[in-house]
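Peer 1: How does the following fold in three dimensions:
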Amino acid sequence: MGDKVRRVVTAHDVMGHAVVQADEKVAVPGLPGENLRSAVIWTTGTVPADNSVDVEVNAHDDGRSLNGAASVLRIMEFGPGYASPRHRTLSIDYLFVLSGELEMELDRAALVRLDQGDIVVQRGTSHLWRNPSQDTPCRVLVSMIEARMVSIGGGVLEPTL
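Peer 2: So this is what the prediction gives:
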């Protein structure tokens, strides 16, 4: 993935014409003490987003979950052998495997193997991510959108992140 990714952001000029607001490189730093790199590409404060107002070009870094944002677009690189903690977020997540391989482990050790080009729609379930390769990173693009808590049989499943 390199140390940076290119982000192109569009907007409207005062006449309503489409323009490029920003064309820049975004750093993809490693997270301290982890075999993981991550960069927030963009966030919105509401869903639906308001495309008619000016926004700050620099998206705030919100960690691995939404942390108050309504939507987040993030690029991540799981290093060889990386495994995330098991977690559930208050979001619907769309994960696209850009390169490498990834495993998604659900409850009761249900395991799904993902390869380049595969897409996961993660709907608030408890899961963990694992890169099974011992020598190749796995790169993913993740879009997270705020969701309500999952309600099953009169109870709710609380988020863990």
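Peer 1: which of the residues in stretch 144-158 are buried?
Peer 2: Buried residues in stretch 144-158, counted by 16 or more other CB atoms under 10 Å: 144-147, 150. Placement of C-beta: from N, CA and C, glycine included.
Peer 1: okay if I get the residues you listed as CSV plus secondary structure, distance to residue 127 and pLDDT?
Peer 2: Shown next, in CSV, are the buried residues of stretch 144-158 (DSSP: H, G, I helix; E, B strand; the rest coil; distance: CB to CB, whole Å; pLDDT from 0 to 100):
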residue, secondary structure, distance to residue 127, pLDDT
144, strand, 13, 94
145, strand, 17, 94
146, strand, 18, 92
147, coil, 14, 92
150, strand, 13, 91
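Peer 1: Name the nearest of those relative to residue 39.
Peer 2: residue 144 (13.8 Å; CB to CB).
Peer 1: Just to check, that closest one is in contact with residue 74?
Peer 2: Yes - contact criterion CB atoms under 8 Å: residue 144 and residue 74 qualify, at 7.3 Å.
Peer 1: what residue is smack in the middle of the protein?
Peer 2: The chain has residue 142 as the residue nearest its centroid, 3.1 Å off, counting by CA atoms, centre = their mean.
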